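Colleague: Model the structure of this input:
(chains A and B)
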Amino acid sequence: MINMNESILINLALVILFLPVIGFIVALFLAKKVKKIFLFENFVIILAFICSVALLYLKLTYFQSKDIVSEFQWIDFGNVPLFGKLSVELGILLDNISVIMLFAVALISMLVHLFSIEYMSGDKRYNRYFAYLGIFTFSMNGIVLTHNFLMMYIFWELVGLSSYLLIGFWYEKKSASDAAKKAFIVNRIGDIGMFSGILMLFTTYHTFTSDKIFYQISQGALPFNSEFWLTVTGLLLFCGAIGKSAQFPLHVWLPDAMEGPTPVSALIHAATMVAAGVFFITRIFTMLTGDALFVIAVIGALSAFIPATIALTQNDIKKVLAYSTISQLGYMILALGVGAYTFAFFHLITHAFFKACLFLGSGSVIHNMHHEQDITKMGGLRKKMPVTYTTFLISSLAISGVPLTSGFLSKDGILAGTYAFGYATGHWLFAAAGFFVAMLTAFYMFRLIILTFHGQPKDQHKFEHAHESKFVMAMPLVVLAVLSIFIFYTPNPFNPEQGWFLSKWIKAPQISVPENARYSFMKPDAAQKTEPDVNKSETAKQEIVYSETYTEALHHAHIPAMLLSLLMAASGILLSFLFYQWKKFDPDKLAERVKPLYKLSYNKWYFDEIYDAVFVAGTVGLSKSLAWFDNTIIDGIVNFTADFTRIFSKLSGKFDNIVVDGLVNFMAYLSGFIGLIFRKFQTGKVQTYVVLVIFSLVILLFLFKTF
Amino acid sequence: MQNFPILSLITFLPLIGMIAIMFIPKEQVKPIKILTLVITAVQVILAGLIVAFYNYSAGGINNPESFQFVEKFRWIEISGLSWIGKVKVDYFLGIDGLSAPMVLLTAIVTFVATLSSWNIPKSIKGYFALFLLLDTGMMGVFVALDFFLFYIFWELMLLPMYFLIGIWGGPRREYAAIKFFLYTLFGSIFILIVMIGLYFSSTETLVDGTKVFTFNMLSMMNKANFTPTGILSPFNPNNLRFIAYIALFVGFAIKIPMFPFHTWLPDAHVEAPTAISVILAGVLLKMGTYGILRVSYPIFPEITHQLAWYIALFGMINIIYGALCAMAQRDFKKLIAYSSVSHMGFVMLGMASLTTAGISGAILQMFNHGTITSMLFIIVGVIYDRAHTREIDAFGGLANQMPVYTGFVTLAFFAAIGLPGLSGFISEAFVFLGAFGVEAIRVITVISTSGILLGAGYMLWTFQRIYLGQLKDKWTELKDLSFREYAMLVPLSLIIIFLGVYPSAMLNIMNASVNTMVKFMADAQTLYSAMVRF
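Modeller: Numbering: from 1, shown residues only, chains lettered A, B, ... in the order given. Coordinates of the predicted model:
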């Protein structure tokens, strides 16, 4: 088996990519005719999952340190004048990151499919729901598999479409259709930036294939020959991630997206689609300059901090989880920004599992509480729903960063990264934000748990009817909760670096940008980059090299960061127990005391209100005034021209009638008049004529005589 | 196949049909309709044959040898006219990668429009006779290579269009028809003047060696064919080429329609019956941009270079202004009309780039806009036929009442928004790729990208207001699509999806010509640069 052929892997990847789209087409067109067609979609997804397990195994066994690439020509412009050969390729790249991500997507997608069988039962568009899940999975797989910017953008937008369809699935509700529209449009804002970045890359490098672009960057070819524009390009591409990963300031769509069915929130708006932004940054990490990374770190820190403060006061179970998602994604972006590439991706995967578990858990609660989402109306569900409670608790421990969980490993790594970054560059604020948010996270997660599952039920009627979910809903929770335990990632629960995940599978790529544009702690290249060869379908992976100070800092950061993060998690959990379980402090009193801060948090920092007033109202106002301008001024001129011509023609008609024709008539009249006079001379008598002739002759003679 | 007069056939088949219809008594409604449908169906088949036998490597543009399906013979010849000498007009047809997609588009859109005309309430005979006459005019514009012939076809379609809007239109049909007629005629006069000016400035060498003035467009594209003193000759130091270019451009720009000459379009669309809106948006608007690419660009390349920045600027204005105006509309049809203004802006932006990617994107956008907007107007027609109103706010929740219809709407709307996987994306993407690559219009391009955001804004907002939400009580009687409506929407949907996934099918047809055009324009820059301008 050592001659494992890479074409098998490519074909396997293509099968995984296209299976869900077959499910989509079949389920969509037969939705009305075949009642059980959703089973086909489920079958297809399970098949895709099995393939992704096979792919993961084969890739990590036989091609662990190699990338497999496959490209095909999509559009050929031939030999273009003044330009040379121009063609557009699409292609897929199988590296460790993509196969792991593909596995995670396939797994969560499958679990969500199964969960939905029960959760969505009785919905009148049941089959169509599964069709939409199918097209989402297809689009997401596309993002994960490609290394081509155009193809990335294509699937990026398709993911936006499926997100639109699923958020607005219950479109009879205005709030749902509003949320769907908002999600699509806010995402498009980011996408315009991303598209501009892609335009910049294509204009400079004449290709969409990332390998070739990165190679050229490493050879010193920069957009407009300047590092500044390389930074700008990187940040433009990052705009796409800001939109898709709901980062500040485009985070406003994600909480609203909770209008969609809860399993959708778990799959799309927690585990996979929103992670696509982070995934995309890991893909372009090698071309990001130090300046760009710094901006990314700032955005990440803000996105980790602001939503965490909002989550403290929200009462909708899904909204709390949504803000926590933004905050966790902010962590990943922050990690990438400070150069902790591996931990960012690690957190992406661990977060995908435990956040999917949390969302599905909330779905289980909502389903069994008759669509109640307000946590102030819950309570005491621990005994009624033991499986949901246990899995929810494990995931909450993971997200809070408690030892023995996967979240502890990945979050600790990120915090260590910010710590080392502070050590290496002197920017300690990122670390401060990271640790502070860790405490907030632990606090709001346990507030959620205590209010939902502990204490006394607030709504006795609903409580009585609540019961544990059926197997198809409980099983996914268990699987995801189990995956939130450390053992799948490392044998040592306190050191992720010893695990296979980080020591073998995930490696930060070599940086391509010019040396003076990098962070100072990213060392010069050990070896020259090799040119990507189109004909060769596999290349060896080249790793990043960090400076000794940084490696040392990271080493030193390990223990203090871990202790500090433990302290933060513990104090967050403790505080939340003090407030909500043991009622030592009254949260309402505290809210009263810091009223402005409370209101700021409760009203989500007024982002929606500000955006509505400035951007939405501004655009609508502009469009109204332009429509008025078009109707009144532009068309007014046209109509005026027509009216003017008409009036002018009328006047000229009058003129023609009175003056021109008048003149003609006058001439006729005049000649008539003259004729009338001269008629008198025409008497018919010869004598009179003779007299007249003689008389005229005399006058003429007299006249001529003068000359 | 290349020697078979297929272009004459595809052009004049409708005219024959029109004559045949004249002989059918007006009570015989069904034969008239069926005859028209058969003729347009045959046209689609002929267009398919043209594509099937098309030589993908022939460039066309300025080279008479590489045009395909050429038919050329002397049509009018008058000799001995004092100082003019000999007047000759050729019957000269031929297609290249620029016109082949347009011929295909015209055939498809006309066929769909015929189906859409099925329920015309009055004067069926007159309607279909005029409809077929219009068809001949449109097809002729895209295949004519002699300016005189081109102009005749150009004017030919004006007349039936005037009556089709003016007789079968909505309440304000007379206003809209006369506005359309006068506006277009106003533009045609400019084209006519420039045509005559070009005639007296360019010559063609006949077989016997004598030089005569010519209407042959391809001759006008060769600088050497201009007389030393002609008023539009580049050799004349006092030539009026710059002014002529602007006049010609205005003539074509009215048809696009380009801001600020666009206000006839919303009125014409709102009043025209659905089928005529489909033709208007699907084919007629393309004549403007086609004319610029076919006539203005290669005959006045040096001035095109001078003014390309302004073309891009007006493209940008069209994109953004059209989108913002669309957003404010309350009438569904008017909204789609303004969205056309916006989408045609992309064509102008792509053209202005003078790059392969940009011009390919522009031509592809012409084709895609033709299919997508046809679909959108049919969608408006479907709802108007049933509800007798187009007021956006009067609707809501139709998705539940008419699910299949809403499925098609979703497809068309997302195609208009430029969703990847559907054809609109490819053309917009290549327009941007081409335009961004040109430094002079880079800023314009970046600003224009906001058009894709605004497009998503007004389209999704409209979608929400009409199709999502709670169904209003008064619409519970609305029926889903009929077979005839399927027959219109399915082919268009398939084209939109097919070209979204495999755009090369269309790009390959135009590729050789686009490259020839780009090369020609680039060469012309050096060729003409030594000469006096203005």
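Colleague: contacting residues around A:Ala420?
Modeller: Residues in contact with A:Ala420, defined by C-beta atoms under 8 Å, 6 or more residues apart in numbering or on different chains, are A:Val338, A:Ala340, A:Tyr550, A:Ala553, A:Leu554, A:His556, A:Ala557. Placement of C-beta: from N, CA and C, glycine included.
Colleague: Return the set of buried residues in the helix or strand where A:Gly78 lies.
Modeller: For A:Gly78, the enclosing helix or strand under DSSP states H and E is strand A:66-80. Of the residues in strand A:66-80, A:Lys66, A:Asp67, A:Ile68, A:Val69, A:Ser70, A:Glu71, A:Trp74, A:Ile75, A:Phe77, A:Val80 count as buried by neighbour count, 16 or more other C-beta atoms under 10 Å in any protein chain shown.
Colleague: where does chain B dip in pLDDT?
Modeller: Scanning chain B for pLDDT under 70 picks out the ranges B:1-2, B:80-85, B:529-534.
Colleague: so what's B:Thr462 up against?
Modeller: Here B:Thr462 is in contact with B:Phe332, B:Leu335, B:Ile392, B:Phe413 (C-beta under 8 Å, 6+ apart).
Colleague: please redo it, this time with the cut-off set to 10 Å
Modeller: Contact analysis of B:Thr462 by C-beta atoms under 10 Å, 6 or more residues apart in numbering or on different chains lists B:Ala326, B:Met327, B:Gln329, B:Phe332, B:Leu335, B:Ile336, B:Ser339, B:Ile392, B:Phe395, B:Val409, B:Phe413.
Colleague: where does it land in three-state SS?
Modeller: Under DSSP: H, G, I helix; E, B strand; the rest coil, B:Thr462 falls in the helix class.
Colleague: Kindly provide the distance from it to chain A.
Modeller: 10 Å (C-beta to the nearest C-beta, to the nearest Å).
Colleague: what distance separates the following helix or strand past the strand holding A:Gly78 from the centre of its chain?
Modeller: Next helix or strand after strand A:66-80 toward the C-terminus (DSSP H and E): strand A:84-94. Centre-to-centre, strand A:84-94 and its host chain are 24 Å apart (C-alpha atoms, centre = their mean, to the nearest Å).
Colleague: show me where the stretch 451-600 of chain A has helices.
Modeller: For the stretch 451-600 of chain A, the helices defined by DSSP state H, counting those that start in this stretch cover A:460-465, A:471-482, A:500, A:548-576, A:587-593, A:595-602.
Colleague: Does anything pack onto the helix or strand just after the last one? Which helices or strands?
Modeller: It refers to helix A:595-602. Toward the C-terminus, helix A:595-602 is succeeded by helix A:607-611 as the next helix or strand (DSSP H and E). The contact analysis (3 or more C-beta pairs under 10 Å, 6 or more residues apart in numbering or on different chains; DSSP states H and E) places helix A:607-611 against helix A:174-205, helix A:253-256.
Colleague: Going by neighbour count, which residues of helix A:607-611 are buried?
Modeller: A:Phe607, A:Tyr611.
Colleague: Residues contacting it, please?
Modeller: A:182, A:186, A:248-252, A:255-256, A:306, A:310, A:603, A:616-618.
Colleague: which of the residues you listed count as buried?
Modeller: A:Lys182, A:Val186, A:Phe248, A:Leu250, A:His251, A:Val252, A:Pro255, A:Asp256, A:Ile306, A:Ile310.
Colleague: How about the contacts made by the fifth one?
Modeller: Under the criterion of C-beta under 10 Å, 6+ apart, the neighbours of A:His251 are A:186, A:242-243, A:245, A:274, A:302-303, A:306-307, A:310, A:322-323, A:325-327, A:329-330, A:604, A:607.
Colleague: Now do the SS call for it.
Modeller: Per three-state DSSP, A:His251 ends up coil.
Colleague: the helices in the stretch 601-707 of chain A, which residues?
Modeller: A:607-611, A:617-629, A:635-655, A:661-679, A:686-705.
Colleague: and the second one, which residues are buried?
Modeller: Of the residues in helix A:617-629, those with enough neighbours to count as buried (16+ other C-beta under 10 Å) are A:Thr619, A:Val620, A:Ser623, A:Leu626, A:Ala627.
Colleague: Can you report how many residues lie near B:Ala471?
Modeller: Not quite, residue B:471 is Leu, not Ala. 18 (other C-beta atoms under 10 Å in any protein chain shown).
Colleague: Contacts only, for it.
Modeller: By C-beta under 10 Å, 6+ apart, B:Leu471 lies in contact with A:Glu172, B:Phe395, B:Gly396, B:Gly397, B:Leu398, B:Ala399, B:Asn400, B:Gln401, B:Met402, B:Leu478.
Colleague: give me the element it is part of.
Modeller: B:Leu471 belongs to no helix or strand, assigned by DSSP H and E.
Colleague: I'd like the distance between it and B:Gln401.
Modeller: The gap separating B:Leu471 from B:Gln401 is 6 Å, by C-beta to C-beta, to the nearest Å.
Colleague: anything in contact with each of those two?
Modeller: Residues touching both B:Leu471 and B:Gln401 (C-beta under 10 Å, 6+ apart): B:Phe395, B:Leu478.
Colleague: For A:Cys357, the count of nearby residues, please.
Modeller: Count around A:Cys357 with other C-beta under 10 Å applied: 32.
Colleague: and the residue lying closest to B:Leu156 once chain neighbours are set aside, how many neighbours?
Modeller: Excluding the flanking residues, the one nearest B:Leu156 by C-beta to C-beta, 6 or more residues apart in numbering or on different chains is B:Gly137, at 3.7 Å. Per other C-beta under 10 Å, the neighbour tally for B:Gly137 reads 24.
Colleague: contacting residues around B:Gly137?
Modeller: Here B:Gly137 is in contact with B:11, B:14-15, B:152-161, B:284, B:287 (C-beta under 10 Å, 6+ apart).
Colleague: Repeat that for B:Gly469.
Modeller: Applying C-beta under 10 Å, 6+ apart, the residues near B:Gly469 are A:171-174, A:176-178, B:395-400.
Colleague: likewise A:Leu158?
Modeller: Listed by C-beta under 10 Å, 6+ apart, the contact set of A:Leu158 reads A:Val21, A:Ile135, A:Phe136, A:Phe138, A:Ser139, A:Met140, A:Gly142, A:Ile143, B:Phe414, B:Leu419, B:Pro420, B:Gly421.
Colleague: hang on, isn't the first one packed against A:Tyr132?
Modeller: When you say that, I think you mean A:Val21. No. Using C-beta atoms under 10 Å, A:Val21 makes no contact with A:Tyr132, being 12.0 Å away.
Colleague: For these two, indicate the residue with more neighbours.
Modeller: A:Tyr132 (26 against 18).
Colleague: Could you tell me whether the more buried one really is in a helix?
Modeller: Yes. With three-state DSSP as the criterion, A:Tyr132 is part of a helix.
Colleague: Helix, strand or coil: sort out B:Val89 for me.
Modeller: Three-state assignment for B:Val89 (three-state DSSP): strand.
Colleague: Output the contacts of A:Ala420 as JSON lines; include the columns neighbour count.
Modeller: JSON lines is the format used below for these (neighbours: other C-beta atoms under 10 Å in any protein chain shown):
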{"residue": "A:Val338", "neighbour count": "31"}
{"residue": "A:Ala340", "neighbour count": "26"}
{"residue": "A:Tyr550", "neighbour count": "23"}
{"residue": "A:Ala553", "neighbour count": "22"}
{"residue": "A:Leu554", "neighbour count": "23"}
{"residue": "A:His556", "neighbour count": "14"}
{"residue": "A:Ala557", "neighbour count": "25"}
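Colleague: and the two most separated of those?
Modeller: A:Val338 and A:His556 (15.5 Å; C-beta to C-beta).
Colleague: What distance separates the opening and closing residues of stretch B:392-406?
Modeller: 15 Å (C-alpha to C-alpha, to the nearest Å).
Colleague: For it, buried residues please.
Modeller: B:Ile392, B:Phe395, B:Gly396, B:Gly397, B:Leu398, B:Ala399, B:Asn400, B:Gln401, B:Met402, B:Pro403, B:Tyr405, B:Thr406.
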